[in-house]
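A.B. asks: Next come a sequence and a model predicted from it.
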Amino acid sequence: MRFVVAVLMMLFLAPLWAAPVTTLSVTTADGERSALAALPPPGSAPAPLVLLLHGRGGTAASILDDRRVLSRSPLAAWLPIAEREHIAVIALQGTKGAGALYGWNDCRAADRYKPTADDVGYVKAVVAPLIASHVVDPQRIFVMGMSNGAMMAFRLAVELDIPIAALASVSGSMAEASSSICKAPTRPMSLLMIHGTADMIVPIKGGEVRSIGAERGDIRSVDDTIAVFTALDGLAHETPRVFAIPHRTDTVDSTSITEELYGNDAHGLQVELLRVEGGGHAEPTIDYPYGAIYIGLAGAQNRDIESAEVAWKFFRDKSAKANVPAR
């Protein structure tokens, strides 16, 4: 009897489906490219889609390959979210630039080491068939990127001709000189930014991106980027609501997070900044911390929140149909 009860409890507590990770292959102007995907079962209703962009030097496998225990990104928290919420999650894969590291062709004109691939075309090649086959909901497509991946997310916000409902950036900002290779953003959309005040690689106050002494181009400050999107979203007149994120008492984490939120309607346009006081170039996480070597190079990692969970909470009620600025 106890065995039967135990089995029933396991069935009750387990996800209704386990999201298998598969490889999607697409043909692009730069040749064959791939991505890793966790998709709902065949026959499901069109699902929300979250696109994930790794940082420079990262890979799609560091996000969605659960066999990589020691080198997983905090964005790996999206796989259990996909299983729990029945959403589609795709970890996109960058290409190699002059520095021999995988990355993205974002809007920084002066970054001599970035790839030259048409990453916007690649993302469209991945997403368009899923829309056509009714696997994903075209009005509920979201983008989250880390570092160079966050900078690429801002380029997608401008150039991808598939509507983006909202985007989230971690340790990344808009390119300063983007007008030379990218147009300025004109489409309203919700934005979540997570950024450390002690980030020495992508400074929160803007300026030169610093990485092993190499010239990486300049970025706008986080406050300037927030101002661009609050203006686009009709929220520039608002005073943000400010909250302190509760600090976990079971960690020795010396950082803290202040939330600044524009927009009252979770179903409408919102702009949110999580300012990580004392935080370095790392995604806040509870369950997927980086090792001591990375933290020694990148700075302190906050342990009060799970960045992916915060992003999903921000995304889940939003739709591209609602991206109409307040009057």
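C.D. replies: Good, I have the coordinates. Numbering: from 1, shown residues only.
A.B. asks: where does the stretch 1-150 of the chain dip in pLDDT?
C.D. replies: 1-18, 66, 68-70 (pLDDT under 70).
A.B. asks: switch to 90 and redo it
C.D. replies: Filtered on pLDDT under 90, the stretch 1-150 of the chain yields the residue ranges 1-20, 42, 65-72, 97-100, 109-114.
A.B. asks: all strands in it, in order from the N-terminus.
C.D. replies: 21-28, 31-38, 47-53, 88-92, 95-96, 102-103, 136-146 (DSSP state E, counting those that start in this stretch).
A.B. asks: Could you spell out the sheet neighbours of the third one, each with its direction?
C.D. replies: The reference is to strand 47-53. Here strand 47-53 has these sheet partners by DSSP bridges: strand 88-92 (parallel), strand 136-146 (parallel).
A.B. asks: from the chain's centre, how far out does the last one sit?
C.D. replies: This points to strand 136-146. 10 Å (C-alpha atoms, centre = their mean, to the nearest Å).
A.B. asks: if we can go back for a sec, of the strands paired with strand 47-53, which stretch is the most buried?
C.D. replies: Ranked by mean neighbour count under mean count of other C-beta atoms under 10 Å, the strands paired with strand 47-53 are led by strand 88-92, which reaches a mean of 27. Bear in mind the C-beta positions are built from the backbone N, C-alpha and C, glycine included.
A.B. asks: Run the angle between it and strand 31-38 for me.
C.D. replies: Here strand 88-92 runs at an angle of 140 degrees relative to strand 31-38 (axes from the mean of the first three to the mean of the last three C-alpha atoms, to 10 degrees).
A.B. asks: Who are the contact partners of the residue nearest to T28 when sequence neighbours are not counted?
C.D. replies: Here the nearest residue to T28 in space, its sequence neighbours aside, is Y122; by C-beta to C-beta, 6 or more residues apart in numbering that works out to 4.9 Å. Y122 makes contact with 26, 28, 30, 33, 92, according to C-beta atoms under 8 Å, 6 or more residues apart in numbering.
A.B. asks: re the thing from before, would you turn the strands of the stretch 1-150 of the chain into TSV with distance to I164?
C.D. replies: TSV is the format used below for the strands of the stretch 1-150 of the chain (distance: least, C-beta to C-beta, whole Å):
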stretch	distance to I164
strand 21-28	19
strand 31-38	17
strand 47-53	9
strand 88-92	14
strand 95-96	22
strand 102-103	21
strand 136-146	6
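A.B. asks: closest to A227 out of those?
C.D. replies: The closest of the strands of the stretch 1-150 of the chain to A227 is strand 136-146. By C-beta to C-beta, the value is 20.0 Å.
A.B. asks: one step back: which of the contacts of Y122 tops the neighbour count?
C.D. replies: L92 (27 neighbours; other C-beta atoms under 10 Å).
A.B. asks: Let me see the contact set for R220.
C.D. replies: 173-176, 206, 228.
A.B. asks: now the helices: where do they sit in the stretch 201-327 of the chain?
C.D. replies: 222-232, 292-298, 307-315 (DSSP state H, counting those that start in this stretch).
A.B. asks: which residues sit against the second one?
C.D. replies: Taking contacts as C-beta under 8 Å, 6+ apart, the residues outside helix 292-298 that touch it are 201, 280-282, 290, 301.
A.B. asks: Quick one: mean pLDDT over it.
C.D. replies: Mean pLDDT, helix 292-298: 91.
A.B. asks: Of the contacts of helix 292-298, which is the nearest to F314?
C.D. replies: A282 (19.2 Å).
A.B. asks: Give me the neighbour count for the closest one.
C.D. replies: 28.
A.B. asks: Now it. Nearest residue, chain neighbours left out?
C.D. replies: Distance criterion C-beta to C-beta, 6+ apart; nearest residue to A282, sequence neighbours excluded, is Q301 at 3.9 Å.
A.B. asks: Ok, S25 next?
C.D. replies: The nearest residue in space to S25 (C-beta to C-beta, 6+ apart) is S34, at 4.9 Å.
A.B. asks: For the one you found, which residues are in contact?
C.D. replies: Contacts of S34 by C-beta under 8 Å, 6+ apart are 23-26, 60, 93.
A.B. asks: In those, which residue is surrounded by the most others?
C.D. replies: Highest neighbour count within the contacts of S34, by other C-beta under 10 Å: A60, with 25 neighbours.
A.B. asks: Hmm, A35 and that one touching each other?
C.D. replies: Yes: contact status for A60 versus A35: in contact at 6.0 Å, counting by C-beta atoms under 8 Å.
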